[in-house]
Every structure is written in structure tokens, then in C-alpha cells.
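J.: make a model of this:
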Amino acid sequence: MRRAKHEDQHIGRQPLELDHATIRRDRCQGQSIRQIAKGHRISTAIVHLVVRKPQVPEQVPEALEKSA
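T.: From the prediction side, this is the model:
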């Protein structure tokens, strides 16, 4: 493990690659947490984390930049 860390190699499980926007969209369309989890093949706990995590806007509209 020491050598792997020294060589900047990842140790352990690979992180999940999720489509957060699709999961949130499914929830807004009325799907249950369990339906979303089954459709995306992930656990219900992961769905809860994605749904509760605040969305970070990628771009700030120009109107908001001028008012600040």
C-alpha cells in the first residue's frame, strides 16, 4: 500500500459515476426513491444522498452578476 500511495495509485473501490440530473428529474416526475434506485441499479441510500444534496449552479445568470 505504501508503494501504491507513493505512485499515486487509487486504492479501494472506484467511485460511482451517477447522473445526478437524471435522478433528480425522475424524483421531480413523481417516481419513488425505490423506483429510482431500481431503475439506476443503485441503493436507496445513494438516491437519498443525491436528492438531498443541494444543486450547484454551473453558470450564474448575468442579471444576478450585475446586481451583486
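J.: next, residue 8: secondary structure please.
T.: coil (DSSP: H, G, I helix; E, B strand; the rest coil).
J.: go ahead and flag the most central residue of the protein.
T.: Centroid-nearest residue in the chain: residue 20, 4.2 Å away (criterion: Cα atoms, centre = their mean).
J.: any idea how far the nearest residue to that one once chain neighbours are set aside lies from residue 43?
T.: Nearest residue to residue 20 in three dimensions, chain neighbours excluded: residue 50, at 5.3 Å (Cβ to Cβ, 6 or more residues apart in numbering). Quick note: C-beta positions are derived from backbone N, CA and C, even for glycine. According to Cβ to Cβ, to the nearest Å, residue 50 and residue 43 sit 11 Å apart.
J.: what number of residues lie near residue 21?
T.: By the criterion of other Cβ atoms under 10 Å, residue 21 has 10 neighbours.
J.: thought residue 47 was touching residue 16, still the case?
T.: No: taking contacts as Cβ atoms under 8 Å, residue 16 lies outside contact range of residue 47: 11.5 Å.
J.: element containing residue 36?
T.: Per DSSP states H and E: residue 36 is located in helix 33-40.
J.: tell me what whichever helix or strand comes after that helix is packed against?
T.: Next helix or strand after helix 33-40 toward the C-terminus (DSSP H and E): helix 44-52. The helices and strands touching helix 44-52, judged by 3 or more Cβ pairs under 8 Å, 6 or more residues apart in numbering; DSSP states H and E, are helix 20-28, helix 33-40.
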